[in-house]
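J.: have a look at this prediction, sequence included:
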Amino acid sequence: MKGFLIAEEGPLLGQTISFEETDEQKEWSLGRDPDTSDLTLEDPMVSRQHAIIRATPEGFIFENLSSVNPVTQNGMVIAEPVLLKEGDIIQIGSTFFHFTTKAPEMEEAKPPLAPAEEGVKAEEGAEMPSELHFGPAPETRWLLKVISGPNAGAEFAMQKSSTYLIGKDPNICDIVFQDLSVSRQHARLSIDDEENAFIEDLGSRNGVIVNGELIDEKQLLASQDLVALGTTTFLVIDRLEARETIISPPAALPKIPVAEEEAEKIEEKEKRDWKELIIPKRHLLLGGLLGAILLTSLFAMLSLFKAEPVVVIQIDESEKIQIVMEKFPAVQFSFNQPSGKLFLTGNVLTKIDHQEMLYLLKELRFIQNLEDNVIVDELVWQSMNALISRNPDWIAVSMYGPEAGKFVLRGYVEALEEAEALVDFVNLNFEYLDRLDNHVVIEKNLQTEIENLLIEKGFSAVSFELSNGEIVFSGRVDEKEKRSFSTLLGDFKKIPGIRVMKNYVIVTTGETSRVDLSESYKVTGFSKRDNKDFFVVINGRILGQGDLLDGMQISKINPRMVFLEKEGIKYRINYNLQ
């Protein structure tokens, strides 16, 4: 089975690609690189390996390999392997091929070679000449004459019903120009049966310019048309039209007598006074205009040296991120502007703060990638509180965060041993010890401190109860010591660990503030010596001031009451025997 791709349009026009299925080869690759392709296409728009043709029982399968300039079948891009059909138009690069399974007919006899090649080709198999013909051209109607470029002066005679390929490749071109700005196959020049000259561009890099205009399709040429290919320019001359040109002789010039000529020369030599010269207004206007242009150009040139430098405002995208992150001072960021990647680290207080931060950052369109390593403190202390609450000795202990990046452990334990066990547990299970403040209060230590202050200030009659930071005072205070006790209560509020303080202490006078022991001790008699010292009989004992009654010292005796004291607590025994 055989297949043929015949180039019908483009830089490879006329080239035929044939592929015949054999036992050894059933696949052919097409491309620009001869090292990697089985069939080479010398077209700059073709990739190194552009397509693959496979022979199958159904026919020839065509597969596109180029993503830059894909192959088309009948105007449709080939995305998947397709079966080639008779008459398909395949575009590869800049060339349109006609697919057929029929062997193409033998090429017609080539037109006569240009004289430049005909004169140099001496024998069969010799290389085609790379130089142009500069000798006399044979008598034909159309003549190509190079007037500028590396081959200036060369002439070509063009025959009727002939086509000439113009370029710099001597192996494939009929007319060769040694010009680097000319493509290998630059243009096609043809003379039809009616001896009309046409030229068309073959997809060259620099194009074909006719009479100063770039052509994009096949164009009819007239005699004396100026054609430019790169830096080479030539004329297309119709000899028949040139012969019909009418040449008119120059008119005879009148002769000036010698005497008059000499007189004119003498007059020209005479010097004229410049004051007598009359300058035309036209010259004055032109001179003024040129002067204005000169002054304007001078001022413009001077202004170039006085111009202020152009300040290029560079947008610092990090500043926009900094504005967003001002609401979250405990979060640090690093932004890579070329890649658009943002790295976050630090702490936020709650989950809502974290969601708000991410929302604001996503509004910045220049951030392409976000790496979030921010710690949500709320989740940390909730997890830690769940672990602490499992121990009943720490039921009054909890963790919270006053601000982002800081943790506080607070609460109450009864004894020092429980506090030490709590510290060991936190050190083992909490990761951010450098940010943790321990405010746990030991109730026994706090209770001892309060008792010492009450005794020190002389309020032994006041008792208290302490539980989870709540302290309740009760007892009696003399009215004279009311202010001192209020000051002491203010000092208690400053002690760490006291949350709530309740005062149920009764303020009494000197007499009512004492503990009444009248029901326990009965006075059965009294006596007075020298109207000064009193003695009483209690439980059969005669007691005076300074004596002890069950450990209580008698501080004073009056006709109605006995006053006693013990360890700062004051007592009284009422009696009235009159």
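T.: Received it, and whenever you're ready, just let me know what you need. Numbers count the residues shown, from 1 in each chain.
J.: does Ala228 touch Ser204 like I think?
T.: No: with contact taken as Cβ atoms under 8 Å, Ala228 and Ser204 are classed as non-touching, separated by 11.5 Å. Quick note: C-beta positions are derived from backbone N, CA and C, even for glycine.
J.: what's opposite Phe333 in the beta bridge?
T.: When bridges are taken as DSSP bridges, the partners of Phe333 come out as Leu344.
J.: just His439 next, same as before
T.: According to DSSP bridges, beta-bridge pairing links His439 with Arg410.
J.: and the pLDDT for it?
T.: The confidence metric pLDDT takes the value 88 at His439.
J.: next: Leu189.
T.: At Leu189, the pLDDT value in this model is 93.
J.: ok, it - contacts?
T.: With contacts taken as Cβ atoms under 8 Å, 6 or more residues apart in numbering, Leu189 has the following neighbours: Leu144, Met158, Thr163, Tyr164, Ile166, Ile175, Ala197, Phe198, Ile199, Val236.
J.: what is the nearest of the residues you listed to Thr101?
T.: Proximity of the contacts of Leu189 to Thr101 (Cβ to Cβ) peaks at Thr163, which lies at 27.7 Å.
J.: which element is the residue lying closest to that closest one once chain neighbours are set aside on?
T.: Here the nearest residue to Thr163 in space, its sequence neighbours aside, is Ser190; by Cβ to Cβ, 6 or more residues apart in numbering that works out to 4.3 Å. When secondary structure is defined using DSSP states H and E, the element that contains Ser190 is strand 187-191.
J.: circling back to that earlier point, I'd like to know which of the contacts of Leu189 are buried.
T.: Buried members of the contacts of Leu189, counted by 16 or more other Cβ atoms under 10 Å: Leu144, Met158, Thr163, Tyr164, Ile166, Ile175, Ala197, Ile199, Val236.
J.: and the third one, that's in a strand?
T.: This points to Thr163. Yes: inclusion of Thr163 in a strand is indicated when DSSP: H, G, I helix; E, B strand; the rest coil is applied.
J.: now Gln337: how far from Gly346?
T.: For Gln337, the distance to Gly346 equals 21 Å [Cβ to Cβ, to the nearest Å].
J.: mind checking which of these two has more residues around it?
T.: In this comparison of Gln337 against Gly346, neighbours counted by other Cβ atoms under 10 Å, the higher total goes to Gly346 at 16 against 11.
J.: quick revisit: Leu5: which of the contacts of Leu189 is nearest?
T.: Using Cβ to Cβ, Thr163 is the member of the contacts of Leu189 that sits closest to Leu5, with 21.4 Å.
J.: what's near enough to touch Ser398?
T.: Contact partners of Ser398, counting by Cβ under 8 Å, 6+ apart, are Asn385, Ile388, Leu409, Arg410, Gly411.
J.: from the contact counts, what lies against the strand or helix carrying Ala386?
T.: Under the criterion of DSSP H and E, Ala386 resides in helix 377-388. Helices and strands touching helix 377-388, by 3 or more Cβ pairs under 8 Å, 6 or more residues apart in numbering; DSSP states H and E, are strand 397-400, strand 407-413, helix 416-429.
J.: and these, which is most packed in?
T.: Each of the helices and strands packed on helix 377-388 was scored by mean neighbour count; the highest is strand 407-413, a mean of 20, by mean count of other Cβ atoms under 10 Å.
J.: next, the angle helix 377-388 makes with that one.
T.: Between the axes of strand 407-413 and helix 377-388, defined by axes from the mean of the first three to the mean of the last three Cα atoms, to 10 degrees, the angle is 30 degrees.
J.: let's number from 44 now, not from 1
T.: From this message on, residue numbering opens at 44, which makes the last subject strand 450-456.
J.: output the contacting helices and strands for strand 450-456.
T.: With contacts taken as 3+ Cβ pairs under 8 Å, 6+ apart, strand 450-456 sits against helix 420-431, strand 440-443, helix 459-472, strand 479-485.
J.: from Met442, how far off is the nearest residue to Leu430 once chain neighbours are set aside?
T.: Computed as Cβ to Cβ, 6+ apart, the closest residue to Leu430 that is not its neighbour in sequence is Asn472, at 6.0 Å. Shown here: Asn472 relative to Met442, a distance of 11 Å by Cβ to Cβ.
J.: cool, Lys525 as well?
T.: The value you get for Lys525 to Met442, if Cβ to Cβ is used, is 41 Å.
J.: distance of the residue nearest to Gly102 when sequence neighbours are not counted from Ala146?
T.: In this structure, Gly102 finds its nearest non-sequential neighbour in Leu126, 5.4 Å apart by Cβ to Cβ, 6+ apart. Leu126 sits at a distance of 21 Å from Ala146 (criterion: Cβ to Cβ).
J.: and what of Pro602?
T.: For Pro602 relative to Ala146 (Cβ to Cβ), the value is 158 Å.
J.: quick one: residues contacting the closest residue to Lys449 other than its chain neighbours.
T.: If you skip the residues right next to it in sequence, Lys449 has Arg478 as its closest partner in space, 5.6 Å away by Cβ to Cβ, 6+ apart. Contacts for Arg478 were tallied using Cβ under 8 Å, 6+ apart; they are Gly448, Lys449, Phe450.
J.: so the last one makes contact with Ser426?
T.: Read it as Phe450. No: under the criterion of Cβ under 8 Å, Phe450 makes no contact with Ser426, lying 11.7 Å away.
J.: wait, what's in contact with Ser72?
T.: Residues counted as contacts of Ser72 (Cβ under 8 Å, 6+ apart) are Thr79, Ser80, Asp81, Leu82, Gln92, Ala94, Ile95.
J.: rerun that using 10 Å as the cut-off
T.: Counting by Cβ atoms under 10 Å, 6 or more residues apart in numbering, Ser72 makes contact with Thr79, Ser80, Asp81, Leu82, Thr83, Gln92, His93, Ala94, Ile95, Ile96, Glu106, Leu108.
J.: wait, doesn't the fourth one sit right on Glu70?
T.: Which is Leu82. No: in this structure, Leu82 is not within contact of Glu70 by Cβ atoms under 10 Å, at 11.1 Å.
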